[in-house]
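> make a model of this:
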Amino acid sequence: MGVPIPALTPLWRESRVGFEAAALFRSPVWRGDGVPRGDGRPVLLVPGFLAGDRSLATMAKWLRANGYWTRRAGIRANVGCSEEYCLRLEERVEALAERTGRRVTLVGQSRGGVLARVVAVRRPDLVEGLVTLGAPTVSMLAVNPLVLLHIGLVGALGTGHVPGFFSMRCLRGECCAGFRADMAGPFPRDVRYTALYSRSDGIVDWRACLDPGAEERVEISASHCGMALNRSAYEQLARALGDDAAPLARAA
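Model (predicted):
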């Protein structure tokens, strides 16, 4: 089920981030036009590889301005063990659902979307919906070769027992066996799942984002890093949030 790693995806495509942000801030969706009111509905935001919660601060601000209750993933730099992260995220989802009395929508960028998908598989009773932004859920290593070098470096540091980094054992060892099994398993039908991807993504091979478990696979024009600042991504997120959330007891 893997996707071939591209020979070289041009990283210059990522230079558009500033233009994407400028277009977003001028757009009606940034002002809230056509965005459904959140009325306190909970959303948990999960950042991508090498990134932290601050990378999704603009999206969190926009969601809060439109009435959503947002919570960070508690990740300073997404370089840790996948299984450990998923357990921590599950705890945050539990706390957020209990506090709001509603199932939670997960929004994950890149590796954050991969982690969020596993949490949704494990806890469909607490997860209302999932929106992924350029997340390689079909083949996690289908990325630009230069990014693979960074993955290898992080893995080497973790294997060398540097705290906070995943190790090479996470790829095939027992520590992440449950994570890998849930990634390969079926996605729950009771959780809405929208996967956003871009053919001009300079980091992730867009084909790796075409998760067969997603209810919708939506193409947008965006850079990889810029998906958290992209007008089309915000429009699609607003649409995904459009259906009224059911009470927490729905899946009990």
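> sketch out the low-pLDDT regions of the stretch 151-252 of the chain for me.
Counting by pLDDT under 70, the stretch 151-252 of the chain shows low-confidence ranges at 243-252.
> how about the strands in it?
192-197, 216-219 (DSSP state E, counting those that start in this stretch).
> now do the helices in this protein.
Assigned by DSSP state H, the chain shows helices spanning 17-25, 57-65, 82-100, 111-122, 145-159, 169-172, 177-184, 231-240.
> point out the most buried one among these.
Greatest average neighbour count among those goes to helix 111-122 (a mean of 26), per mean count of other CB atoms under 10 Å. Where you see a C-beta, it was placed from the backbone N, CA and C, and this is true even at glycine.
> that helix versus helix 145-159: what angle between them?
Between the axes of helix 111-122 and helix 145-159, defined by axes from the mean of the first three to the mean of the last three CA atoms, to 10 degrees, the angle is 70 degrees.
> got the angle between helix 111-122 and strand 192-197?
Going by the same axes, to 10 degrees, helix 111-122 makes 160 degrees with strand 192-197.
> angle of helix 111-122 against helix 177-184?
Going by the same axes, to 10 degrees, helix 111-122 makes 90 degrees with helix 177-184.
> elements contacting helix 111-122?
strand 42-46, helix 82-100, strand 104-109, strand 127-133, helix 177-184, strand 192-197 (3 or more CB pairs under 8 Å, 6 or more residues apart in numbering; DSSP states H and E).
> least reliable of those by average pLDDT, please.
Comparing mean pLDDT across the helices and strands packed on helix 111-122, the lowest value falls on helix 177-184: a mean of 94.
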